[in-house]
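J.: here is the input, now give the coordinates:
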Amino acid sequence: MAILAPFCAGCGSTPEAPAVLEDGKSLWRRVETEHFVVESNLSSERKLLRITSDFEVLWHAFASVPILGLRPPSEKPIVVVLRDTDEYRYLAGELTAGFFVQQTALGPLIVLPPNRGAFEEIVIKHELAHFVGSESLQRAPKWMQEGLAQVMETASYDVERGEILFGSHSPGRVHDASYGLPADRFTGPWPTEMSVDEARAYYARSWLLCHYLIDNELQGFLNMLVRVRNGEPWQTAWAQEIFIEPDEIDDALDRYHMRAKYGLWTVQAQLPDLNEFPVSDVPPAEALALRSELHALSTSSDRDPAQNAEAAAQDLGAALALDPGSDRVRRISAVRAAAQQ
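T.: Numbering: from 1, shown residues only. Next comes the predicted model:
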């Protein structure tokens, strides 16, 4: 999950549940591509298509990068893009900038706030990296998963050369990596609750370590990733493949950080034709079922689990009343029924 500064620090707006229906009609539209199903209540079809294009371009780029394992999942994730930040805050609070859940009743799910220019693109890249690497990195420690996702979120498109460029770091990330968080803390279990500054330090030092390994011990790091994917504890894999000792990590990262020169690499871009992306309406029952699942996955501290469960049940009940034969509605109903047994 990507952690950034609060969306609406100091604003007085009230988070609200994602809008689904207006005058009985669905507000949601769907675009299905080779690798994704993108669903959104955005009013702009053009914006929806652009986000869909971003995902396809990045999929091809990420799937070609060996540090993510070269084994991208075959299942299509649902990408949910909400129309405003209040709807996103309702589900996820103010400290996240997008989240990815590998296992839901609908399969892998990526949930994003509305477009905020380059900001949203970073979130897309971060969450997509989690998904593409999910099969190869499911046994990887938190620092490795988040560090690699931050390396991948640096992807940018060079239009003239037709290339995706990786490794162009942000000044903010480099600044956050300057915090003296010891390696034995950020490579261990992460705290369940952190301040914004603490979260930035954990993420940034994880990014710095992954970038250091890519720059200085790439083959060993790739070998280590294979070992972790095959079930070895990362500490054992590290001892077999990485030259620096664990107690040398802090000094190595401090020197690497002070140098302020980080490796770059490129892959060839594959640009989709937007005209090949059909846009369709999401039926009301399916839109309600999707919101039901979003309620069930909500992590906002403004409501307790019982409230989320009640909202999820209400939406699923409304979806069942509208279309009891819907595959999506039946799928969610079956998963919840099984969970209650």
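J.: in this structure, which residue is most central in space?
T.: The geometric centre of the chain, computed from its C-alpha atoms, lies nearest to Glu127 (CA atoms, centre = their mean), at 1.8 Å.
J.: contacts only, for it.
T.: Shown in contact with Glu127 (CB atoms under 8 Å, 6 or more residues apart in numbering): 2, 98-100, 110, 112, 149. C-betas here are computed from N, CA, C, even on glycine.
J.: that one - that's part of a helix, no?
T.: Yes: secondary structure of Glu127, determined by DSSP: H, G, I helix; E, B strand; the rest coil: located in a helix.
J.: for it, give its distance to Ala63.
T.: 15 Å (CB to CB, to the nearest Å).
J.: hang on, the earlier thing: among the contacts of Glu127, which are located in strands?
T.: Mapping the contacts of Glu127 onto strands (DSSP state E) picks out 99-100, 110, 112.
J.: for those residues, which two are the farthest from each other?
T.: Phe100 and Leu112 (9.6 Å; CB to CB).
J.: first vs last residue of stretch 228-238, how far apart are they?
T.: Using CA to CA, to the nearest Å, one end of stretch 228-238 lies 9 Å from the other.
J.: so which bits of that stretch are buried?
T.: Neighbour counts over stretch 228-238 (16 or more other CB atoms under 10 Å) mark 228-229, 232, 234, 237-238 as buried.
J.: quick one, strands of the stretch 101-250 of the chain?
T.: For the stretch 101-250 of the chain, applying DSSP state E, counting those that start in this stretch gives strands covering 109-112, 156-158, 163-166.
J.: the last one packs against which elements?
T.: Packing partners of strand 163-166 (3 or more CB pairs under 8 Å, 6 or more residues apart in numbering; DSSP states H and E): helix 45-63, strand 156-158, strand 265-268.
J.: note down every partner strand of the last one and its orientation.
T.: Counting by DSSP bridges, the strands paired with strand 265-268 are strand 163-166 (antiparallel).
J.: so for the strand it pairs with, mean pLDDT?
T.: Per-residue pLDDT over strand 163-166 has a mean of 84.
J.: can you report how many residues lie near Leu218?
T.: Applying other CB atoms under 10 Å, we find 14 residues neighbouring Leu218.
J.: right, I mislabeled it, should have said Ser301
T.: For Ser301, the neighbour count with other CB under 10 Å is 9.
J.: and it, that's in a helix?
T.: No: per three-state DSSP, Ser301 lies outside any helix segment and is coil.
J.: ok, for it, nearest residue in space, not its chain neighbours?
T.: Sequence neighbours aside, Gly93 is the residue nearest to Ser301 in space, at 5.8 Å (criterion: CB to CB, 6 or more residues apart in numbering).
J.: and the pLDDT at the one you found?
T.: Gly93 carries a pLDDT score of 84 in this model.
J.: and what of Leu82?
T.: According to the model, Leu82 scores 94 on pLDDT.
J.: test my guess that it contacts Pro113.
T.: Yes: Leu82 lies in contact with Pro113 (CB atoms under 8 Å); the separation is 6.0 Å.
J.: between the helix-or-strand element of the chain with minimal mean pLDDT and helix 45-63, how big is the angle?
T.: Between all helices and strands in the chain, the lowest mean by mean pLDDT, DSSP states H and E belongs to helix 118-132, at a mean of 75. Per axes from the mean of the first three to the mean of the last three CA atoms, to 10 degrees, the angle that helix 118-132 makes with helix 45-63 is 50 degrees.
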